[in-house]
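Colleague: Quick one: sequence and predicted model below, then my questions.
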Amino acid sequence: MDAIDQIKQHVSQHIQLNDEEEKYFLSLLKITRVKKKQLIVQPGFTCKYRSYVYSGAMRAYLVDKEGQEHTIALAIEDWWIGDFSSYIFQQPATLFVEAMEDSILMQIDYNSEQLLMETVHKFERFFRILTQRGYSYLQRRLLSNLSETAEDRYEDFLKTQPKMAQRVPQYVLASYLGMSTVYLSQLRNSRVEKKN
């Protein structure tokens, strides 16, 4: 499935568009190819695009005062990523958004998105659904980090995101799950030993 068909299918899961609305929406998108390790957002610069991952894998992370990376979000095919606070409020970003693999993104810029919602009101519903789901996922993740053990978080991630688990580098997954790479390695080895 090509990028256009994939995003049309993605949108149709939430709203139904006529041909004219669909054509208008597609005219506002741009396709961007990014190389592994390339940044599309960095702190101090405003996040200009909402990015849909057609192919590849991306992550959003921040770097604390000690230089430690904290992965905030991950995205593979059919997911959206960006520094959403920067994008929504059009203020300088606090996150880095980086390609973990060579990736192809479909992007819409902030002004085009605003125009789209004014012109095709169905997109207000579409972006509201994305926001609600994103917020709900973030809340579940926060509660998990506060109430579950690192082992439970890892097991839950493997169950709920098996495709992602295979593609994310170990240091990124450890950062995302709030543990050291050494501890994640121990958990992985322990799982292998239990299976044997």
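Modeller: Perfect, thanks for sending it. Numbers count the residues shown, from 1 in each chain.
Colleague: May I have the distance across stretch 45-56, first residue to last?
Modeller: Using Cα to Cα, to the nearest Å, the end-to-end distance of stretch 45-56 comes to 24 Å.
Colleague: ugh, typo on my part, it should be stretch 58-71
Modeller: 11 Å.
Colleague: That stretch: which residues count as buried?
Modeller: Of the residues in stretch 58-71, those scored as buried under the neighbour-count criterion (16 or more other Cβ atoms under 10 Å) are Met58, Arg59, Ala60, Tyr61, Glu69, Thr71. No exception for glycine: its C-beta is placed from N, CA and C like everyone else's.
Colleague: Checking the closest residue to Phe127 other than its chain neighbours next. Helix, strand or coil?
Modeller: On the basis of Cβ to Cβ, 6 or more residues apart in numbering, the spatially nearest residue to Phe127 that is not a chain neighbour turns out to be Met117, at 6.7 Å. Under DSSP: H, G, I helix; E, B strand; the rest coil, Met117 falls in the helix class.
Colleague: Show the contacting residues for Met117.
Modeller: If a contact means Cβ atoms under 8 Å, 6 or more residues apart in numbering, then Met117 has Phe123, Glu124, Phe127 as its contacts.
Colleague: Name the nearest of the buried residues of stretch 58-71 relative to Ala174.
Modeller: Of all those, Thr71 has the smallest distance to Ala174: 8.6 Å, by Cβ to Cβ.
Colleague: so what's the backbone phi/psi at that closest one?
Modeller: The phi and psi torsions at Thr71 (degrees, to the nearest 10) take the values phi -80, psi 120.
Colleague: That one pairs with what?
Modeller: Residues found in beta-bridge contact with Thr71 (criterion: DSSP bridges) are Tyr61.
Colleague: Likewise for Ser103?
Modeller: For Ser103, the beta-bridge partners under DSSP bridges are Val34.
Colleague: and of the contacts of Met117, the nearest to Tyr52?
Modeller: Set against Tyr52, the nearest of these by Cβ to Cβ is Phe127 (11.9 Å).
Colleague: The closest one - that's part of a helix, no?
Modeller: Yes. Checked against three-state DSSP, Phe127 lies within a helix.
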